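Participant: How does the following fold in three dimensions:
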Amino acid sequence: SARTTTQTPKTREPKGATRKPKAASRKPQAAANDTRAESRNRSLQDARRARQDEFYTQYIDIQKEVEAYLELNSDTFRDKIVYCNCDDPFESNFFKYFAANFNKLGLKRLITTSYDGSPIASAQLPLIEYTAGNGKRQKPKAIAVILDHVKDEDGDGAANIDDVKLFLKRNKAARKALKDDGEYSGGDFRSAECVALLKEADIVVTNPPFSLFRDYVAQLVEHGKKFLIIGNVQAITYAEIFPLIKADKLWMGVTIHSGDREFRVPDHYPLNAAGWRIDENGVKYIRVKGVRWWTNIDHGRRHEKLPLMTMDDNLKFSKHKEIKGKAAYDRYDNYDAIEVPFSDAIPSDYDGAMGVPITFLDKYNPEQFEILGITDRGNVWGLKTKEYTREDVQNANDLNRRAAIKVGKTYKPTYARLLIRRRTTKGKKK
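Facilitator: Alright, predicted model coming up:
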């Protein structure tokens, strides 16, 4: 299944980093040695993080999500090149799903890549490219598998994943070894060869490294790709991600909206999550909270209207004790908006700004609502009406990060809030 793995940059200088000027008496060789040592240290740190950032997606979760897009447009994937660039050819459930459904979806091509040292690559289909040659690179070495067709290879009358396995064994032309490019390890999605494969693709579908989610999405946007990827719901608050949401260039997928999801993890992974299990074959699984599908492919759910009650009806009949029986909705002290702590408590007759939980995006319909901004320390969206100081209140720092509600003489910060407004008939999105 696909993984969320930190793929290690080899000698990359951190973006925006500055180096101290070298002392005049310092030997160039010593400086070079120090630079290499710093790079090795960064690589080791990234490798340690990778061991805690590696999850494999279940086949059923991939199937449900991908096929939900076919309900709106049955040709979503037809004649398209699909690229799974954070996966393992054959072992990945992303590869297995698209290979098994290659003809049903009408794919033009399927490209899947592994990365140096993947703990599951070659486990089910050993290929010579995984171990060929010498060198210090981690094995199994990275490869790319490229399928232009799936047909009945074994003569049993059906084209399925067994035929794909046989085809890959027989055809070296469908397999390509990926090189270490000196900056990134083999198979890293940022490496030159992987970027070249990305440029060929129409749609990217995978489970990228959670720790590199910002970089991963930025790359997809830079190259203008359609995508369907897994990430954490908290990414909504990222400074690099939220502008895409506000501009209607990124939204939530169809099938995961709450709770947690089960992922397979490598054998070395510590089972210290809240939920975990080991199956009868000794395979480890953990449950991960806050997981979402992220996409820029249109689907029917994002056009479903959220049913709402009027403000008066919410105050009288809401199922939420935080709303029912109140005289009015709370109003923020530092934003010109009311607090709506639950998406189903949005009043249908209120035209002003409202602060809602970030999980509102699960139900967001761009024809029904407009996203104005998000509560943030830097006031990037210009919506904050007040900045607190320590002279005003003890917890000024917490209050300036989020929206604040004044209760008597005290101030209560909220969680992160999206600031939205209901679209009126005149202001409906075209």
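
Participant: Surely Gly231 is in a strand?
Facilitator: Yes. When DSSP: H, G, I helix; E, B strand; the rest coil is applied, Gly231 is found to be in a strand.

Participant: burial measure for the closest residue to Ile338 other than its chain neighbours, as a count.
Facilitator: Ranked by C-beta to C-beta, 6 or more residues apart in numbering and with sequence neighbours excluded, the top spatial neighbour of Ile338 is Tyr329, at 4.3 Å. For the C-beta atoms, the positions are set from N, CA and C on the backbone; glycine is no exception. The criterion is other C-beta atoms under 10 Å. On that basis, Tyr329 has 20 neighbouring residues.

Participant: Tell me how many other residues crowd the nearest residue to Asn379 once chain neighbours are set aside.
Facilitator: What sits nearest to Asn379 in space, not counting adjacent residues and going by C-beta to C-beta, 6+ apart, is Glu387, at 7.8 Å. Residues contacting Glu387 under the criterion other C-beta under 10 Å number 12.

Participant: just checking, Glu387 touches Leu399?
Facilitator: No. Counting by C-beta atoms under 8 Å, Glu387 does not reach Leu399; the two are 9.1 Å apart.

Participant: about what we covered before: against Asn272, how distant is the residue nearest to Asn379?
Facilitator: From Glu387 across to Asn272, the span is 40 Å (C-beta to C-beta, to the nearest Å).

Participant: Just the helices from this protein, written as ranges.
Facilitator: Taking DSSP state H as the criterion, the chain contains helices spanning 28-50, 59-72, 93-100, 102-105, 161-170, 192-200, 213-222, 242-246, 311-317, 396-401.

Participant: Can you check which of the ones you listed gets nearest to Asn334?
Facilitator: Shortest distance between Asn334 and the helices of the chain, using C-beta to C-beta, is found for helix 396-401: 6.9 Å.

Participant: tell me the mean pLDDT over that closest one?
Facilitator: Averaged across helix 396-401, the pLDDT comes to 92.

Participant: Show me which helix or strand of the protein is least confident by mean pLDDT.
Facilitator: Sorting the helices and strands of the chain by mean pLDDT, DSSP states H and E puts helix 28-50 at the bottom, at a mean of 41.

Participant: just to revisit the earlier point, name all residues that make contact with the residue nearest to Ile338.
Facilitator: Neighbouring residues of Tyr329 by C-beta atoms under 8 Å, 6 or more residues apart in numbering: Met311, Leu315, Ile323, Ile338, Glu339, Val340, Pro347.

Participant: Same check on Leu271?
Facilitator: Neighbour list for Leu271: Ile278, Lys284, Ile286 [criterion: C-beta under 8 Å, 6+ apart].

Participant: thinking again about what came up before, any chance of the helices of the chain in a markdown table with mean neighbour count and distance to Ile374 as columns?
Facilitator: A markdown table is the format used below for the helices of the chain (neighbours: other C-beta atoms under 10 Å; distance: least, C-beta to C-beta, whole Å):
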| stretch | mean neighbour count | distance to Ile374 |
| --- | --- | --- |
| helix 28-50 | 13 | 27 |
| helix 59-72 | 18 | 26 |
| helix 93-100 | 24 | 31 |
| helix 102-105 | 17 | 36 |
| helix 161-170 | 16 | 43 |
| helix 192-200 | 16 | 29 |
| helix 213-222 | 18 | 16 |
| helix 242-246 | 18 | 5 |
| helix 311-317 | 15 | 23 |
| helix 396-401 | 17 | 11 |
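
Participant: Looking at the ones you listed, which is nearest to Leu418?
Facilitator: In this view, these are compared for proximity to Leu418 by C-beta to C-beta, and helix 242-246 is the closest at 8.5 Å.

Participant: who does the spatially most central residue of the chain bridge with?
Facilitator: Relative to the mean C-alpha position of the chain, the nearest C-alpha, by C-alpha atoms, centre = their mean, is the one of Gly231, at 2.6 Å. Here Gly231 shows beta-bridge partners Arg292, assigned using DSSP bridges.

Participant: Use 754 as the first number for this chain going forward.
Facilitator: Okay, residue one is now 754; in that scheme the one you just asked about reads as Gly984.

Participant: Verify the contact between it and Pro961 for me.
Facilitator: Yes. With contacts counted by C-beta under 8 Å, Gly984 reaches Pro961, the gap being 7.3 Å.

Participant: Show me the shaky parts of the stretch 804-953 of the chain.
Facilitator: 804-808, 840-841, 843, 869-893, 911, 920, 922-926 (pLDDT under 70).

Participant: switch to 80 and redo it
Facilitator: Within the stretch 804-953 of the chain, the stretches with pLDDT under 80 are 804-809, 839-844, 868-894, 905-928.

Participant: Let me know the distance separating Ser827 from Leu858.
Facilitator: Distance from Ser827 to Leu858, counting by C-beta to C-beta: 9 Å.

Participant: again but with Gly1135, I slipped
Facilitator: From Gly1135 over to Leu858 the distance is 44 Å, taken as C-beta to C-beta.

Participant: what do you get for Trp1004?
Facilitator: Using C-beta to C-beta, we find Trp1004 at a distance of 22 Å from Leu858.

Participant: Strands of the stretch 904-1053 of the chain, start to end?
Facilitator: In chain order, the stretch 904-1053 of the chain shows strands spanning 928-930, 956-959, 979-985, 1004-1005, 1013-1018, 1029-1031, 1037-1042, 1044-1048, with DSSP state E, counting those that start in this stretch as the criterion.

Participant: I'd like to know which of these is closest to Pro996.
Facilitator: Each of the strands of the stretch 904-1053 of the chain has some distance to Pro996 by C-beta to C-beta; the shortest is strand 1004-1005, at 13.2 Å.
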